[in-house]
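Undergrad: The amino acid sequence is not available; the structure is as follows:
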DNA sequence: GTCTATACACAGATAGAC
DNA sequence: GTCTATCTGTGTATAGAC
């Protein structure tokens, strides 16, 4: 019960907020340190480098996204609703934690060179989760066409995330959902 | 007829290639100078700042994209083809100039803070062109539903661009086109 | 208009004490 | 484990000569 508990956790939270809001590459380490109230050496003792910190943030973020999406699926009423629940999850996820500019995984991929292991791994894990779960959820709706429908929805979800970079970012998820609804057949 | 003509143009071309391949924020000015074979002071005499250079690059790039897209529309056979020609244009555009990692306009928006005038203006101009022309082209296909269909396609196009950041980037445009084809009715 | 040389700022990371 | 203080590299931009 020291007056400064869970330094690692505080660093993670500070970094996640700032990285989400501004982008990781646009966020100096000093700013994370300032918000967490921690000294530089401590950060490097825990995470080794800024990249290590970023990897830890993305890992934690992916776990949270996974949980939020799962909950949204469970809350949905029917097969079609469960498939489209990814958009409920996107909205719910924006509510948890700090506001984020756009997708942290795409941002990591965009901000780092293609061969960078951390950016590549993070976006690969995110993509894998999206593709796998969308395919599962599409099966009751589209049967043998599930993989194809899931692929189309993966494009639309990615598009909804990219739309957050365009003017009118507030409507990005709603626009994505509208496009997706036009894509998913009304009844299996 | 000096031995070093069109310094401005050479800077623009060098910057466009490097910015497209690596992202503007990840590209140091020195690298542009090296490729163009030009001294630092010359760049600042012409463009004022790195940001100014980036703005000039984006302007030139938008003009090229506009022309390529226009040509793709003219080459298409029917109304539906003209609407979907945006995907032909995306492929053709990737062929012109240097290879690019993903969309330079979205990259500018992602790499700069939201209030940054240059990133915001560039992505706004690009978005406006996409939305306006897609709506025009959707009219013969969807009539009164043109605006709505265009909005859906804007999401899909943005998604195709974002898919270039995910594993399997080579198939990004093809996947976008497949999703779009499922969205556009077969005959008006 | 273009060059050489350099100023200035800041970011990521470390040394060594406590 | 955490802190204070600092080192080092690099990036943008400019001064001043030609």
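TA: Good, I have the coordinates. Just so we're clear, the structure is a prediction, and the values are computed from it rather than from any experiment. Numbers count the residues shown, from 1 in each chain, chains lettered A, B, ... in the order given.
Undergrad: Which residues of chain A lie near DNA strand C?
TA: Contact residues, chain A versus DNA strand C (CB under 7 Å from any atom of the strand): A:27, A:28, A:29, A:30, A:40, A:41, A:44, A:49, A:50, A:51. Where C-beta positions appear, they are placed from N, C-alpha and C, glycine not excepted.
Undergrad: Which other helices and strands does the helix or strand containing residue A:132 contact?
TA: Using DSSP states H and E, residue A:132 sits within helix A:117-142. Helices and strands touching helix A:117-142, by 3 or more CB pairs under 8 Å, 6 or more residues apart in numbering or on different chains; DSSP states H and E, are helix A:50-75, helix A:79-95, helix A:104-111, helix A:146-162.
Undergrad: So which bits of that helix are buried?
TA: Buried positions in helix A:117-142, judged by neighbour count with 16 or more other CB atoms under 10 Å in any protein chain shown: A:118-123, A:126-127, A:130-131, A:133-135, A:137-139, A:141-142.
Undergrad: what bits of chain A have low per-residue confidence?
TA: Within chain A, the stretches with pLDDT under 70 are A:1-5, A:188.
Undergrad: Could you list the contact residues of it toward DNA strand D?
TA: So chain A meets DNA strand D at A:4, A:7, A:8, A:37, A:38, A:39, A:40, A:41, A:42, A:45, A:46 (CB under 7 Å from any atom of the strand).
Undergrad: In helices only, show me these.
TA: Secondary structure assignment (DSSP state H) places A:7, A:8, A:40, A:41, A:42, A:45, A:46 from the residues of chain A next to DNA strand D within helices.
Undergrad: if we can go back for a sec, list only those of the residues of chain A next to DNA strand D flagged as buried.
TA: By 16+ other CB under 10 Å, the residues of chain A next to DNA strand D give A:7, A:8, A:38, A:42 as buried.
Undergrad: which non-adjacent residue is nearest the last one?
TA: Think residue A:42. In space, and not counting its chain neighbours, residue A:42 is closest to residue A:7: 6.1 Å by CB to CB, 6 or more residues apart in numbering or on different chains.
Undergrad: In this structure the one you found contacts residue A:41, no?
TA: No. In this structure residue A:7 lies outside contact range of residue A:41 using CB atoms under 8 Å: 11.4 Å.
Undergrad: Surely residue A:175 is in contact with residue B:153?
TA: No. Between residue A:175 and residue B:153 there is no contact under CB under 8 Å: 10.9 Å.
Undergrad: between these two, who's got more neighbours?
TA: residue B:153 (27 against 21; other CB atoms under 10 Å in any protein chain shown).
Undergrad: now that one: how far from residue A:178?
TA: 12 Å (CB to CB, to the nearest Å).
Undergrad: Which neighbours do the two have in common?
TA: Common neighbours of residue B:153 and residue A:178 are not found (criterion: CB atoms under 8 Å, 6 or more residues apart in numbering or on different chains).
Undergrad: so which of the residues of chain A next to DNA strand C is the most crowded?
TA: residue A:27 (20 neighbours).
Undergrad: quick revisit: nearest to residue A:88 among the ones in helices among the residues of chain A next to DNA strand D?
TA: residue A:8 (31.9 Å; CB to CB).
Undergrad: what's the distance between the closest residue to chain B within chain A and residue A:30?
TA: Across chain A, the shortest distance to chain B (CB to the nearest CB) belongs to residue A:159, at 2.8 Å. Separation of residue A:159 from residue A:30 (CB to CB): 35 Å.
Undergrad: can you check residue A:56 too?
TA: From residue A:56 to residue A:30 the distance is 18 Å (CB to CB).
Undergrad: Is any residue of stretch A:24-40 near chain B?
TA: Yes. Using CB under 8 Å from any CB of the partner chain, stretch A:24-40 reaches chain B at A:25, A:26.
Undergrad: Give me the residues contacting that stretch.
TA: By CB under 8 Å, 6+ apart, stretch A:24-40 touches A:4, A:7, A:10-11, A:13-15, A:17-19, A:43, A:50, A:53-54, A:57, A:104, A:107-108, A:111-112, B:25-26, B:111, B:113.
Undergrad: Show the buried residues in these.
TA: For these, buried by 16+ other CB under 10 Å: A:7, A:10-11, A:13-15, A:17-19, A:43, A:50, A:53-54, A:57, A:104, A:107-108, A:111-112, B:25-26, B:111.
Undergrad: Could you pull up the contacting residues of the residue of chain A closest to chain B?
TA: Applying CB under 8 Å, 6+ apart to residue A:159 gives the contacts A:176, A:179, B:154, B:155, B:156, B:157, B:158, B:159, B:160, B:162.
Undergrad: if we go to 6 Å?
TA: Counting by CB atoms under 6 Å, 6 or more residues apart in numbering or on different chains, residue A:159 makes contact with B:155, B:156, B:158, B:159.
Undergrad: picking up where we left off before, adding distance to residue B:67, write the residues of chain A next to DNA strand C out as JSON lines.
TA: Shown next, in JSON lines, are these (distance: CB to CB, whole Å):
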{"residue": "A:27", "distance to residue B:67": "38"}
{"residue": "A:28", "distance to residue B:67": "40"}
{"residue": "A:29", "distance to residue B:67": "43"}
{"residue": "A:30", "distance to residue B:67": "45"}
{"residue": "A:40", "distance to residue B:67": "50"}
{"residue": "A:41", "distance to residue B:67": "54"}
{"residue": "A:44", "distance to residue B:67": "50"}
{"residue": "A:49", "distance to residue B:67": "44"}
{"residue": "A:50", "distance to residue B:67": "41"}
{"residue": "A:51", "distance to residue B:67": "40"}
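Undergrad: where's the closest residue in space to residue A:134 that isn't next to it in sequence relative to residue B:153, distance?
TA: Among residues not flanking residue A:134 along the chain, residue A:150 sits closest, at 3.9 Å (CB to CB, 6+ apart). Distance, residue A:150 to residue B:153, using CB to CB: 20 Å.
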